[in-house]
Every structure is written in structure tokens, then in C-alpha cells.
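Asker: Here's my sequence, what's the structure:
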Amino acid sequence: MSKAAKTPPPAKAGTKPTAKSAGRGKPALRESRLDAQEHAYPKLARNKHGASVKEPSPLQAYNSAPATLNGYVAYLRSASPLQRVEAEREGVPAQVVKHMATSMDLSAVRMFNILGIAKATAESKAAQHARITGASGQAALGVMHLLGIAEAMLKDSTAPDARDFDWAKWLGSWIEQPQAALGGQKPADLLDTPTGLSVVARLLGSLESGAYQ
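Answerer: Next up, the predicted model:
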């Protein structure tokens, strides 16, 4: 007579069923899909707790720029192309534009005219602590770019009085003088367009370090 088939022992208490026996292999599959998604989106970093976090956007980096004339000049000198784009989109505080006019020894009305913005509009924005945006805001950033070029020229100069020279005031005078290289036009009259600004920036950058004298 054959031996009776042994019955399987009862499962011990607290024993977890395997994925194979329970038919629950889907969580592992789901995790593998999540891993694949993270590889597909490398910009998602992880903090010390293991949670996914996004890298700062160019706009977040731009918002940390100082809202002063000198701060803008320094910021534009080191800003990346994407940060410059955000700066152009956000515009420039009207108060900073007025400060720029004072530093360059130009009247606020003349500066507004160079940037292509009505005096009443600019004054209203300054009173509301608002920004000058659009083409006028881009032109303002362009003038700040020229200030950065003039400052760099001064730092590279070996002239004895270079340290005490007012480069912002000099630039304000220079852009109001007709230039032969511009067909007799004033640089100030070309700053309301990106192409005009590029032409003026190249001309300014081509000047020798001692030319400001």
C-alpha cells in the first residue's frame, strides 16, 4: 500500500506571501517605470531626503539681481544668455532708469527720449515703483551694457587719472556727440533698436583705453 500523501504544513503567522504566489509583481514593474522616467528627465535632482526637486529657473536667478544701477551693470556683465532674456522680459525699474540719467549727467526727459518712452508714462511708473518693459526696457538694458563696456575700458586704462575718472558721465557725453563712424549720427539716436545698440557697442568697444581723454 502506498504511503499517504503528506499535507503541506500550515503557513507560519506573519509570513508574507511572495509576489509570485500572490500574483503581485506589478509594484516592482511600477518602480522600474518610475526609474525610467527619472532617467528620461535628468533635470530632476534629489535632495538629502531623496525627494525630487527642480533646478532653479533663469527667472529665479534673475530675481536675485540687485535693483540698483551698479548692480544691473555688474549683473549684465556676468549673466547667461537665458538670464539676459528674462531680464529683457521683466524690464527695468523706472527709478533705476532715472538714477542712470543722473549718473550720466543727462536729464530724465532726455533719457526717456533716448529709450523711446513718454515722460508722463515713465514718471508714473517711477511713482508706482513699476518697471519699464518692452522695447524701452530693452533699450535701458542696452545703455547699461554700454556702461559696463565703459567701466571695463576705464579699468584697463593706464592713465594716471583713470581711477578718479567719471566713466558714466563721460559715456553720457559721448553718446550725445556725432560720430564719423556712424555717418555723423549720435550714438544716443541709435539706442532704441537692437541693431543700433549693437553698432554703438562695437564702436565703443573699439576705442583705445585712453581715448576717453
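Asker: could you pull out the strands for the chain?
Answerer: 44-46, 52-54, 92-93, 131-132 (DSSP state E).
Asker: Mean confidence (pLDDT) on the third one, please.
Answerer: The pLDDT scores in strand 92-93 average 93.
Asker: Show which residues not belonging to it make contact with it.
Answerer: 67, 72, 129-132, 137, 140-141, 144 (C-beta atoms under 8 Å, 6 or more residues apart in numbering). Glycine gets a C-beta too; all of them are placed from N, C-alpha and C.
Asker: Which residue in those has the weakest pLDDT?
Answerer: Ranked by pLDDT, the contacts of strand 92-93 bottom out at A67 (69).
Asker: number of nearby residues for the residue nearest to W174 when sequence neighbours are not counted?
Answerer: Using C-beta to C-beta, 6 or more residues apart in numbering and skipping residues adjacent in sequence, the residue nearest W174 is P187, 6.9 Å away. P187: 25 surrounding residues under other C-beta atoms under 10 Å.
Asker: roughly how far apart are P187 and V97?
Answerer: Distance check for P187 against V97: by C-beta to C-beta, to the nearest Å, it reads 18 Å.
Asker: same question, S198
Answerer: 21 Å.
Asker: Which one's more surrounded, those two?
Answerer: Neighbour totals were compared for S198 and V97, and V97 leads with 27 against 13 (other C-beta under 10 Å).
Asker: one step back: now, the contacts of strand 92-93 that are in helices?
Answerer: 72, 137, 140-141, 144 (DSSP state H).
Asker: Show me just the buried residues among these.
Answerer: Burial of the ones in helices among the contacts of strand 92-93 was assessed by neighbour count (16 or more other C-beta atoms under 10 Å); the buried members are 72, 137, 140-141, 144.
Asker: Would you format the residues you listed as TSV with distance to M153 included?
Answerer: Converted to TSV, these look like this (distance: C-beta to C-beta, whole Å):
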residue	distance to M153
Y72	18
G137	25
A140	21
L141	19
M144	15
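Asker: For stretch 165-173, the averaged confidence score.
Answerer: On average, stretch 165-173 scores 91.
Asker: Now that stretch - C-alpha only, CSV.
Answerer: Below are the C-alpha coordinates for stretch 165-173, written out as CSV (Å, rounded to 0.1, in the frame of the first residue of the first chain):
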residue,chain,number,x,y,z
PHE,A,165,37.5,109.4,-13.8
ASP,A,166,33.7,109.5,-14.0
TRP,A,167,33.1,107.0,-16.7
ALA,A,168,29.3,107.2,-16.5
LYS,A,169,29.4,110.9,-17.1
TRP,A,170,31.9,110.5,-19.9
LEU,A,171,29.6,108.0,-21.6
GLY,A,172,26.6,110.3,-21.3
SER,A,173,28.6,113.0,-23.1
